[in-house]
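K.L.:
Show me the folded form of this:
(2 chains)
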Amino acid sequence: MSSRYCDQERRVAAAIGSGTAGPEILNHARVCSVCSEVLLVTVFLRETGTLAEHELSALPDAGSIWRKAEAQARTRKIAKATQPIRLVRSIAYVVVTFYSVWIVLVGLVQGKLVDFWSMYLGFTSTFVGRIWPAVLHQATILFIFGGTMVFLALSSWYVLREG
Amino acid sequence: MAASPEVGARGGHRRGMSEAAFCRFYEQTASQLFRYLLRVSGRKDLAEDTLQEAYCRFLSADLPAMDASQSKSYLFRIASNLLRDRWRRHEEDPLPLSPPQIASTAPQFNRQLEMRQAFGRLKLRERQLLWFAYVQGSTHKEIAQAMGLRAGSVRLLLFRARRRLAQLIGARHPISDLEILK
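P.N.:
Predicted structure coming up:
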């Protein structure tokens, strides 16, 4: 027996807890420093652990918890079912933002402002025309169309798979 | 606690538990769980919230079939984790102890109040450990499972927590004063 642990610890705690502590256990607890601590702590914890009537009345009804759990499960199912929609929407936001910026830039390049900025930055619209060749527009359109088809196919597959 | 055959049976509702089976399980465990949460956290509102959330998570968990005692252990584990998470969130804003609501008669009032104050001075983990060990009567292995600790470290942690509480209450209430020893 060390000053930290005693083989009788659990026996003492169980006996106090069940109210069956006999003289043998109590005599041991008197002389064993570990078990006297166990005895003290167990007695106090059990005394303080009793709930008052009004504390027990705070317990919610089982039915309300069941309904709350069902509502939470429903919310989770909806969130899962709409996940592809949210994913595609996020991608759409990114694509729209990217192309909005692109359109604005092209508009600026082709508009009057470009002359000022061209002069300022030291390049001409001929140079801009070279970096945005007409063939790129066709490729871009095809890329967007292809990408849309792929995402539609993927999201349809995901939704059908969940179903 | 008597084993309920419907607890954990597959089919039907979540975790295979019907509403009637859940109500029975709730009746068997709710007051014990609430007592644990209330005394360990010292806050009634936190105990109520954590209790509801623990049962909701228990119902939504997809687990293999369990008997009633395994279900109870699992429920206490969920509740302990929830309590720890919520406690961490409030660490910078310490949670005051609820006003004492003593179930006993007037002469015991001061003693229980002092005890709760002493218990409140311990760390949350120490309180949980002591509760599991000396009120629930859990084994070290069960405590380790419920609290996400290594089974080997429970013994030492429990010793430290017990010594600290014994020092806090022993100064005012020496063991020789205990009714049980007279």
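
K.L.:
could you pull out the helices for the chain?
P.N.:
Going with chain A. A:9-18, A:23-31, A:33-48, A:53-56, A:62-81, A:83-110, A:113-121, A:125-131, A:134-162 (DSSP state H).

K.L.:
actually chain B
P.N.:
Using DSSP H, helices in chain B cover B:19-41, B:44-60, B:68-89, B:106-120, B:124-134, B:140-147, B:151-170.

K.L.:
lowest-confidence stretch among those?
P.N.:
Note on the helices of chain B: lowest mean pLDDT is at helix B:106-120, with a mean of 74.

K.L.:
Centre of the chain to that one, how far?
P.N.:
In terms of Cα atoms, centre = their mean, to the nearest Å, the centre of helix B:106-120 is set 19 Å apart from its chain centre.

K.L.:
and the angle for it with helix B:151-170?
P.N.:
Helix B:106-120 runs at 140 degrees relative to helix B:151-170, counting by axes from the mean of the first three to the mean of the last three Cα atoms, to 10 degrees.

K.L.:
Low-confidence bits of chain A, can you list those?
P.N.:
In the predicted model of chain A, residues A:1-2, A:107-138, A:162-163 satisfy pLDDT under 70.

K.L.:
Show me the domain layout of it.
P.N.:
Under the assignment automatic domain parsing, the domains of chain A span A:9-52, A:63-162.

K.L.:
I'd say residue B:29 and residue B:69 touch.
P.N.:
No - in terms of Cβ atoms under 8 Å, residue B:29 does not count as a neighbour of residue B:69; the distance is 10.4 Å. From N, CA and C alone the C-beta is placed, and that goes for glycine too.

K.L.:
Look at the two and report which has more neighbours.
P.N.:
Counted by other Cβ atoms under 10 Å in any protein chain shown, residue B:29 and residue B:69 do not tie: residue B:29 has more neighbours, with 21 against 13.

K.L.:
Look up the closest residue to that one, ignoring the ones flanking it.
P.N.:
Once flanking residues are discounted, residue B:29 sits nearest to residue B:72: 5.5 Å by Cβ to Cβ, 6 or more residues apart in numbering or on different chains.

K.L.:
that older thread, ranking the helices of chain A by burial, who's on top?
P.N.:
helix A:33-48 (a mean of 22; mean count of other Cβ atoms under 10 Å in any protein chain shown).

K.L.:
same for it, what does it pack against?
P.N.:
If you count contacts as 3 or more Cβ pairs under 8 Å, 6 or more residues apart in numbering or on different chains; DSSP states H and E, helix A:33-48 packs onto helix A:9-18, helix A:23-31, helix B:106-120, helix B:124-134, helix B:151-170.

K.L.:
The first one - contacts with which helices or strands?
P.N.:
The criterion is 3+ Cβ pairs under 8 Å, 6+ apart, and the helices and strands that helix A:9-18 contacts are helix A:23-31, helix A:33-48, helix B:124-134.

K.L.:
For residue A:161, find the nearest of these.
P.N.:
helix B:124-134 (42.3 Å; Cβ to Cβ).

K.L.:
Just want the angle from the closest one to helix B:151-170.
P.N.:
Counting by the same axes, to 10 degrees, helix B:124-134 lies at 90 degrees to helix B:151-170.

K.L.:
which residues touch helix B:124-134?
P.N.:
With contact meaning Cβ atoms under 8 Å, 6 or more residues apart in numbering or on different chains, helix B:124-134 is reached by A:13, A:17, A:38, A:41-42, A:45-46, A:49, B:36, B:39-41, B:76, B:80, B:83-84, B:87, B:119, B:122, B:138, B:142-143, B:146-147, B:154, B:157-158, B:160-162, B:164-165.
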